[in-house]
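Participant: Below are the sequence and a predicted model; questions follow.
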Amino acid sequence: MINNGAHYTSDSISKILIQALPLIEPTYVLDLGIGDGALSKQFQNVYKTSNVIGIDINLQNKLKNILINDSKLYQIDLRKENIFQSLQITKLDAAISNPPYIKLKFDSNYKKLLSEIKILNYLNLNNFNTEILFAAYGLSSIKKNGILGIIVSDSISASHTYKGFREAILKNYKLIKIIDIPERSFKTTEAKTTILIIKKIEPVKNYMVTLCKFDPKAKVKNLKIQSNLLHETFDFKYWHFQNNQNKKLVSLNDLGAEIRRGSFSHKELKSLKSKFVHTTSLDYGLTNINGDRRKAEIRQEAYANKGNILLGRVGRNCYRKIGYIRKGKILISDCVYKIEINKEYQQQVLDSLQLKSNIEILSSICRGVCAKSISKQRLMKIKFIQLENASA
């Protein structure tokens, strides 16, 4: 069931989250966006004397029959009402949440809350959403050494847009565990999600964080990554490959490459009636392209030139769509990257992009639900290129 951007939590994911909470006989837990009660039900199955304070914009009647002990339910829209003004909540042992995925217009009323929990100055307020708001309420409501367990989208855990939020959590709290939940784990969305287990305590410098993968078939289930590195991404697959890479591999950044995306949309290029490359022009594997030798009619940066390597930027398997400009120049769409690199490295980059062993490495930097995309920053940093001369 889906309601107001909410994707209700399955029993299996509820168990994973609750079992990951390092709690001893908690008395009160706050469930922010209680939904159908899956998380609270599992919490009280494990902690049988605990009491739930459940909050949701729409409370379901069946919740009264699910919760036990001195549990309480409140119908509140957290986007509009401050729970600390609406309810007399003292500091709690824990907070749990599977927030709805809704982008919010930043409200000045949120400023005090975000400032109190030390994350306001890290945020890009143009990309504020319910996940950040629910995390803020959770952290504010728990006592010192209290625990927040929250499910967040792949955007929060891995996109460049929310890098500041990740940095704020890592610097001001102890991020105990990151649990990778694969795509299609929720019936109502294909989205990949992540469970964060956060302890409300000032962390030591460069502490170790445990990354786990929720996948019974996974060969590697746990990783330990230093906290000062994790703000780049919380993604398990990315760190798995980073940890296990051949030390002789290098990145595009190491080789002094430059990456640019095309200047025009596919629609705009079609209206220009000039030869161009879009993702549909590129096959899986390598596509050799002959450009035009005529004088450029549009600004130079809109073209890919002889020796440039092309890579799909957007699409489910965009990292497998590779092109090489053999001669001349050609316009490229904004769904395609051009990689400019010294001639001595061009063939080695092309070979490395096509290696079967690198498919998983390159897929680890793709983000998105249906249409995947590759960020320029990740593509520059990922080490996947095997040089013939290892000392180069």
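Facilitator: Okay, I see it.

Participant: for this structure, where's the lowest mean pLDDT among helices and strands?
Facilitator: In the chain, the helix or strand scored least confidently by mean pLDDT, DSSP states H and E is strand 2-3, which has a mean of 45.

Participant: any idea how far the residue nearest to Leu362 when sequence neighbours are not counted is from Lys381?
Facilitator: With CB to CB, 6 or more residues apart in numbering as the criterion, Leu362 has its nearest non-adjacent residue at 3.9 Å, and that residue is Tyr319. C-beta coordinates here come from the backbone N, C-alpha and C atoms, glycine included. Separation of Tyr319 from Lys381 (CB to CB, to the nearest Å): 15 Å.

Participant: So those two - more neighbours on which side?
Facilitator: Taking neighbours as other CB atoms under 10 Å, Tyr319 and Lys381 compare with Tyr319 leading, 23 against 15.

Participant: My read is that the more buried one contacts Ile361, right?
Facilitator: No: counting by CB atoms under 8 Å, Tyr319 sits too far from Ile361 to count as a contact (9.1 Å).

Participant: Surely the residue nearest to Leu362 forms part of a helix?
Facilitator: Yes: assessed by DSSP: H, G, I helix; E, B strand; the rest coil, Tyr319 belongs to a helix.

Participant: Setting aside sequence neighbours, what's the nearest residue to Cys318?
Facilitator: Nearest to Cys318 is Gly312, by CB to CB, 6+ apart, at 3.3 Å.

Participant: let me redo that: Ala302
Facilitator: Using CB to CB, 6+ apart and skipping residues adjacent in sequence, the residue nearest Ala302 is Ser263, 4.2 Å away.

Participant: same thing with Ile34?
Facilitator: That would be Gly54: by CB to CB, 6+ apart, it lies 3.7 Å from Ile34.

Participant: That neighbour belongs to a strand?
Facilitator: Yes: applying three-state DSSP, one finds Gly54 inside a strand.

Participant: so who does it touch?
Facilitator: 31, 34, 37, 40, 63, 67, 71-74 (CB atoms under 8 Å, 6 or more residues apart in numbering).

Participant: Can you tell me which of those are buried?
Facilitator: Neighbour counting with 16 or more other CB atoms under 10 Å marks 31, 34, 37, 40, 63, 67, 71, 73 as buried within the contacts of Gly54.

Participant: Just checking: what are the partner strands of the biggest strand by length in the chain?
Facilitator: Assignment by DSSP state E gives strand 142-153 as the longest strand of the chain. Under the criterion DSSP bridges, strand 142-153 sits next to strand 92-97 (parallel), strand 193-199 (antiparallel) in its sheet.

Participant: Just the C-alphas of that strand, formatted as CSV.
Facilitator: C-alpha atoms of strand 142-153 as CSV (Å, rounded to 0.1, in the frame of the first residue of the first chain):
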residue,chain,number,x,y,z
ILE,A,142,16.0,10.9,21.6
LYS,A,143,18.2,11.3,24.7
LYS,A,144,22.0,11.2,24.8
ASN,A,145,23.2,7.8,23.7
GLY,A,146,19.7,7.2,22.2
ILE,A,147,19.4,5.4,18.9
LEU,A,148,17.7,6.4,15.6
GLY,A,149,17.0,3.7,13.0
ILE,A,150,15.7,5.2,9.7
ILE,A,151,15.2,4.0,6.1
VAL,A,152,16.4,6.5,3.5
SER,A,153,16.3,6.6,-0.3
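
Participant: how close does the closest residue to His278 other than its chain neighbours sit to Cys318?
Facilitator: The spatially closest residue to His278, leaving aside those adjacent along the chain, is Ser333, at 4.3 Å (CB to CB, 6+ apart). Distance, Ser333 to Cys318, by CB to CB: 12 Å.

Participant: which neighbours do these two share?
Facilitator: With CB under 8 Å, 6+ apart as the test, Ser333 and Cys318 both reach Thr279.

Participant: circling back to that earlier point, can you list the buried ones among the contacts of Gly54 in CSV and add distance to Gly146?
Facilitator: Formatted as CSV, these follow (distance: CB to CB, whole Å):
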residue, distance to Gly146
Asp31, 14
Ile34, 18
Gly37, 21
Ser40, 17
Leu63, 23
Leu67, 20
Ser71, 18
Leu73, 21
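
Participant: Which ones among those residues map onto helices?
Facilitator: Mapping the buried ones among the contacts of Gly54 onto helices (DSSP state H) picks out 40, 63.

Participant: re earlier: mean pLDDT, mean neighbour count and distance to Phe241 for the strands paired with strand 142-153 - can I get that in CSV?
Facilitator: Below are the strands paired with strand 142-153 laid out as CSV (pLDDT from 0 to 100; neighbours: other CB atoms under 10 Å; distance: least, CB to CB, whole Å):
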stretch, mean pLDDT, mean neighbour count, distance to Phe241
strand 92-97, 97, 24, 30
strand 193-199, 96, 22, 17
